[in-house]
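Visitor: 3D, please:
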Amino acid sequence: MKRKLVKQGAATLMVSLPSFWVKKNGLAKGSVVDIEEQQTALTISTDNGTNGTKKEITIEISDENRHDTSNMLTHLYRRGFDTIMLKGIDDQTLHEVRTAAAELLLGFEITETTKGYCRIENISEPTGEKFDVLLRRCFLVIKETQSLLNEDYKKSEFNHLDSVKELRNQQDKLLLFCRRVISKNPSNMKESVLEWELITFIMHIEHAYYYLYKYCSENKAGFSKEIFGLLHGLEEYFQLFYDAYFQKDIKKIHKINQKKEIYHFGKCLEVMHSSTAHDGVIAAKVREIFRWIQVGSSPILGILFQEKLH
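Guide: Sure thing, here's the model as predicted:
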């Protein structure tokens, strides 16, 4: 549909809204709409892209799906549902729901519970405008985890497992929200596929760091100069990843791909082949993180090329 711009005053251009759309969404003089810029497009919406409607769903909990309650909640959340009603829950399931709401569903709270029933609603969710701020925070969570691991490995004292786990949970919550923002803007979904893919790799990187720290803690890993060198190299490798995205620097991605021969197929394998059993396992886990970073640079490259097209 095309509309002709009309001049209003000395510098303002105006465009009329289609009457059917205005009526459908119950708009009138004085109504407020959201205007969001998306490359060369301006999107006008009445509730952050939801046309004023709230998505609701009711799920029957049974012995068949009870074990998967938390997983179902996170999928419904990221798909954009605003109210989730659960029927057939028991006390243990309610405890799991409370935990999931607190740890993973940003802005959601349990608003009603009766015997066998629970209602979870969006009551304080941030706006989609916070997407970039929260995504940057997810990158910084990985940097915090790196610092804790490297410092503790140097001392051979792994006393921050709870802190690392909390960082992982915090990042999961923020990334689920970022996916939710993408899902609630279907008009921009095609261009957001790369961002969705990037979010997946950021999550894999943090989770791999958590399991690396957990292994070191549980097995009382001692200091190894070779392993510490890999951890330091991994920190520099992730910095290239971070700078590529936030500085919009394609050259950093080229450096990531160049260095994979040095680390993935060089130093990591050397340590795996020549070390003790524990150090070999640690080197393998470090190599996995190198790999996630390198593969994760692919959607960044796609995003940067996409921006150049506009």
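Visitor: got the CA positions of stretch 260-273 in CSV?
Guide: Provided in CSV are the C-alpha atoms of stretch 260-273 (Å, rounded to 0.1, in the frame of the first residue of the first chain):
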residue,chain,number,x,y,z
LYS,A,260,41.7,-21.1,14.2
GLU,A,261,44.6,-23.0,12.7
ILE,A,262,46.8,-21.8,15.6
TYR,A,263,44.4,-22.8,18.3
HIS,A,264,41.8,-25.4,17.1
PHE,A,265,44.2,-27.5,15.1
GLY,A,266,47.4,-26.4,16.8
LYS,A,267,48.0,-25.6,20.4
CYS,A,268,44.8,-27.2,21.7
LEU,A,269,45.5,-30.6,20.1
GLU,A,270,49.2,-30.4,21.2
VAL,A,271,48.1,-30.1,24.9
MET,A,272,45.4,-32.8,24.5
HIS,A,273,48.0,-35.2,23.1
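Visitor: name the residues that touch the helix or strand where residue 227 lies?
Guide: According to DSSP states H and E, residue 227 maps onto helix 225-246. With contacts defined as C-beta atoms under 8 Å, 6 or more residues apart in numbering, helix 225-246 is touched by 136, 139, 142-143, 146, 149-150, 153-154, 198, 205, 221, 249-250, 252-253, 255-256, 259, 262-263, 267-268, 270-271, 275, 279, 282-283, 286, 289-290, 293, 296-297, 300-301, 303-304. Backbone N, C-alpha and C define where each C-beta goes, glycine included.
Visitor: looking at this protein, which helix or strand does the model trust least?
Guide: Ranking every helix and strand in the chain by mean pLDDT, DSSP states H and E puts helix 19-24 at the bottom, with a mean of 57.
Visitor: hey, where'd the strands end up in this protein?
Guide: 6-8, 12-14, 34-38, 41-45, 56-60, 83-87, 108-114, 117-122 (DSSP state E).
Visitor: mean pLDDT and mean neighbour count for these - can I get that in a markdown table?
Guide: Converted to a markdown table, the strands of the chain look like this (pLDDT from 0 to 100; neighbours: other C-beta atoms under 10 Å):
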| stretch | mean pLDDT | mean neighbour count |
| --- | --- | --- |
| strand 6-8 | 70 | 9 |
| strand 12-14 | 76 | 9 |
| strand 34-38 | 66 | 12 |
| strand 41-45 | 70 | 13 |
| strand 56-60 | 95 | 13 |
| strand 83-87 | 96 | 18 |
| strand 108-114 | 94 | 14 |
| strand 117-122 | 95 | 20 |
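Visitor: make JSON lines from those strands and add distance to residue 216 to it.
Guide: Output for those, formatted as JSON lines (distance: least, C-beta to C-beta, whole Å):
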{"stretch": "strand 6-8", "distance to residue 216": "65"}
{"stretch": "strand 12-14", "distance to residue 216": "61"}
{"stretch": "strand 34-38", "distance to residue 216": "44"}
{"stretch": "strand 41-45", "distance to residue 216": "47"}
{"stretch": "strand 56-60", "distance to residue 216": "39"}
{"stretch": "strand 83-87", "distance to residue 216": "38"}
{"stretch": "strand 108-114", "distance to residue 216": "34"}
{"stretch": "strand 117-122", "distance to residue 216": "36"}
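Visitor: any low-confidence regions in the stretch 101-250 of the chain?
Guide: Low-confidence segments of the stretch 101-250 of the chain (pLDDT under 70): 186-191.
Visitor: now with 90?
Guide: The stretch 101-250 of the chain contains residues with pLDDT under 90 at 123-132, 181-192.
Visitor: if you average the pLDDT over the top helix by length along the chain, what comes out?
Guide: For the chain, the longest helix by residue count, based on DSSP state H, is helix 277-309. Helix 277-309 shows a mean pLDDT of 93.
Visitor: now do it against helix 225-246, angle only.
Guide: 10 degrees (axes from the mean of the first three to the mean of the last three C-alpha atoms, to 10 degrees).
Visitor: what is helix 277-309 packed up against?
Guide: For helix 277-309, the packing partners by 3 or more C-beta pairs under 8 Å, 6 or more residues apart in numbering; DSSP states H and E come out as helix 189-218, helix 225-246, helix 250-262, helix 268-274.
Visitor: next, the angle helix 250-262 makes with that helix.
Guide: Using the same axes, to 10 degrees: helix 277-309 against helix 250-262 is 150 degrees.
Visitor: for helix 277-309, which positions count as buried?
Guide: 278-279, 281-283, 285-301, 303-304 (16 or more other C-beta atoms under 10 Å).
Visitor: how distant is it from the center of its chain?
Guide: Centroid separation between helix 277-309 and its chain, computed with C-alpha atoms, centre = their mean, to the nearest Å, is 16 Å.
Visitor: out of the helices and strands packed on helix 277-309, the one nearest residue 83 is which?
Guide: Checking these against residue 83 by C-beta to C-beta gives helix 189-218 as the closest, at 22.3 Å.
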